[in-house]
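[1] Sequence first, then the predicted structure:
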Amino acid sequence: MNKVLKGLVAVAATAAMAVTGFAGASTAMAEGNGTIEITGKETGHTYNAYQVFSGDYSDGVLSNIKWGKNAASVSTQILAGLQANSAFGEDTNNIFKDCVDAACVAKALSDGNYGDDSTQAQAFAKTVGDLVTGDPTASTANQKIYTISGLGYGYYIVKDAGDNGANKNDTVYSRYLAKVVGDAKVTINTKESKPTLNKQIKHNETETWGVVGDNQIGDTVEFRTITTVPNTTGYTSYDYEINDTMSKELTSNVKAATDVTIKVDDSGNALSTDYYTVAVDTQNSNKFTIKVDVLKAIQDGKMVAGDTLYSYYTAILNENAKIYNAGKQDNTAYLVYSNNPNDTADKGETPHKTVYDWTFKMSVNKVAEDETTSLTGAKFVLSKNGEQNNTDDEVTTDGSWKNTNILIALIKDAATNTYTVAPTGYTGTTTFVIDTDNPTIKGLDDATDYYLYETASPAQYNRKVKPTKFRIASDYSEDGSKVAEGYPTLTVDTADATTSMIAKIVNKKGSSLPSTGGMGTTILYAAGAAIVLVAAFGIVFAVRRRNAR
């Protein structure tokens with residue numbers, strides 16, 4: 001039988017399977033003293049070797065084959081499983097249909113001349129690997145190199161024990177490995193491959209992606225996940241699920257697959273929705289799952305192992321947003337993936353990644369020229385437009401403007417003296433007029449020029465004609481979860497930046513004289529001219545009267 005198992009000498013059969021409940025004691029065999037050395041990609045694994053066939057070994061060939069110590073007690077089940085497996089032919093065409101012992105099984109398998117990673121080699125290892133029993137011979141580990149020693153002559157299936165401690169959820173199990181063991185060391189390289197996930201938010205002012213962003217309430221906030229495509233060899237099904245949850249201060253725009261754009265390596269056309277689905281949680285509309293059919297996409301040539309998927313989606317920063325000193329908004333994502341092709345219930349999970357979005361506030365203090373005496377009775381409107389003419393005929397009787405299309409709508413809370421920016425589509429009551437004393441305006445962006453136009457002044461004070469410009473600046477910790485020390489700051493007009501976040505707006509007393517070139521001066525000039533003419537006529541009349549005497 002010098003050709004027996006010729007196709008399975010050094011065969012790596014099927015992919016990852018976790019098996020628990022077996023002892024890990026190392027047992028020396030009566031014949032031989034073989035070693036299997038496994039080089040993996042991860043630490044923390046335990047590999048167990050199960051003897052399927054035993055026999056005489058010479059020159060790389062196993063003969064006089066019998067069931068091994070881990071297969072003898074379940075040989076009937078193994079035969080039934082192999083004879084029912086369509087990978088070896090159906091019904092009367094099954095290559096194991098007449099087999100009643102180990103030698104027949106080994107010869108039929110060898111005569112098939114199946115190569116490494118063939119469907120049949122994988123099917124054999126999975127069928128037998130699910131049934132072997134008894135005490136295996138366990139590995140010892142030195143970082144990512146695992147050694148199983150003291151093995152007698154035979155044909156072994158090596159399985160990942162599946163007990164990877166605290167790292168279990170972030171671990172990909174090694175492949176089933178089938179090897180003929182003689183006196184020399186047998187080496188195996190595992191082929192486990194696990195995907196990764198990163199989460200990013202777009203900073204709207206810089207158009208860059210990172211862990212932190214800031215926005216005005218009502219802004220569209222852009223998010224993306226970056227995930228890698230794993231090696232799916234040996235899998236007949238593969239779960240690849242991006243799980244995303246936004247905090248309640250964000251309103252997710254994701255309702256269906258068409259609300260998500262996926263690009264392979266962030267280039268070219270978007271991936272068709274034929275390759276992914278989106279499911280929104282029925283209890284939380286800010287929680288959804290993107291399921292990508294990577295097996296189908298790989299089969300159809302849309303992606304390959306090692307590619308990177310960029311998944312884009314958006315949300316609205318809503319009126320419930322936390323203001324910087326009360327916290328921030330967060331968006332967390334993680335990837336659930338298959339890590340065992342022989343057990344669909346086995347899943348891995350990437351570390352959770354969170355990004356943060358911030359928004360700000362400022363207060364208004366109306367003061368007299370001494371900049372300490374507070375004034376009451378002023379009214380304002382808020383805009384991002386600094387070119388509007390703040391003229392009397394533009395101001396309406398309620399303190400608003402006729403040209404409201406450039407104004408920012410606000411939600412008034414009289415109890416707290418605050419005005420919150422209203423997002424588009426807000427169905428509650430809004431106003432354009434800020435009419436309380438020393439109000440606070442909430443939900444503002446940084447790095448943005450805002451303008452307060454005064455539409456009514458305190459009694460006995462002149463209305464400020466020129467708009468007051470203010471700008472907020474901010475910076476953050478490395479992970480985006482905190483505002484950096486010394487921030488945010490507020491700059492009002494050309495004054496120095498301050499961390500007080502209070503804009504002092506000065507009103508002055510006195511006559512409000514019309515400016516040069518305006519209608520008022522035309523009236524004054526006309527009145528002056530009239531006075532001169534009256535005086536001239538008076539002088540002429542007086543001279544004539546005196547001459548008449």
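    Arrived safely, thanks for sending.
[2] Spatially central residue in the chain, please.
    Lys199 (3.1 Å; C-alpha atoms, centre = their mean).
[3] So it: helix, strand or coil?
    When classified by DSSP: H, G, I helix; E, B strand; the rest coil, Lys199 comes out as strand.
[4] my guess is it contacts Thr350, does it?
    No. The pair Lys199 / Thr350 is not scored as a contact, 10.1 Å apart, by C-beta atoms under 8 Å. Where C-beta positions appear, they are placed from N, C-alpha and C, glycine not excepted.
[5] All the strands of the stretch 251-400 of the chain, in order from the start?
    Using DSSP state E, counting those that start in this stretch, the strands found in the stretch 251-400 of the chain span residues 261-264, 276-280, 287-292, 308-317, 329-338, 347-349, 353-358, 360-367, 379-383.
[6] Can you give the strand pairings for the fifth one, parallel or anti for each?
    Right, strand 329-338. Sheet pairing of strand 329-338 (DSSP bridges) gives strand 240-246 (antiparallel), strand 347-349 (antiparallel), strand 353-358 (antiparallel).
[7] What's the separation between Val421 and Phe470?
    Computed as C-beta to C-beta, to the nearest Å, the Val421 to Phe470 distance reads 14 Å.
[8] more crowded one of the two?
    A side-by-side neighbour count of Val421 and Phe470, using other C-beta atoms under 10 Å, places Val421 first with 25 against 22.
[9] In the chain, where is pLDDT below threshold?
    Flagging of the chain using pLDDT under 70 yields the residue ranges 1-31, 116-117, 162-178, 342, 510-549.
[10] Can you give the domain ranges for it?
    Following automatic domain parsing, one finds the domains of the chain at 6-189, 197-357, 360-506, 517-549.
[11] ok so, going back, show me the beta-bridge partners of the residue nearest to the centre of the chain.
    Thr225.
[12] To Gly154, which of the strands of the stretch 251-400 of the chain lies closest?
    strand 329-338 (31.0 Å; C-beta to C-beta).
[13] Between strand 308-317 and the closest one, find me the angle.
    With axes from the mean of the first three to the mean of the last three C-alpha atoms, to 10 degrees defining the directions, strand 329-338 sits at 150 degrees from strand 308-317.
[14] Check the burial of Thr396 by counting its neighbours.
    Going by other C-beta under 10 Å, the residues that sit close to Thr396 add up to 13.
[15] For it, give me its contacts.
    Residues counted as contacts of Thr396 (C-beta atoms under 8 Å, 6 or more residues apart in numbering) are Lys402.
[16] ok, now how distant is it from Asn385?
    Note on Thr396: its distance to Asn385, by C-beta to C-beta, is 17 Å.
[17] gap between the closest residue to Ile408 other than its chain neighbours and Asn403?
    Spatially, and ignoring its direct neighbours in sequence, Ile408 is nearest to Leu382 (4.6 Å; C-beta to C-beta, 6 or more residues apart in numbering). Applying C-beta to C-beta, the value for Leu382 to Asn403 is 13 Å.
[18] tell me, what's touching these two both at once?
    Residues touching both Leu382 and Asn403 (C-beta under 8 Å, 6+ apart): none.
[19] what about these two, which has more around it?
    Leu382 (21 against 13).
[20] Hmm, Glu454 and that one touching each other?
    No. Using C-beta under 8 Å, Leu382 is not in contact with Glu454; the gap is 11.3 Å.
[21] returning to what we had before: let me see the contact set for the residue nearest to Ile408.
    Leu382 makes contacts with Leu407, Ile408, Leu410, Tyr419, Phe432, Ile434, Ile441, Tyr450, Tyr451, Leu452, Tyr453, as judged by C-beta under 8 Å, 6+ apart.
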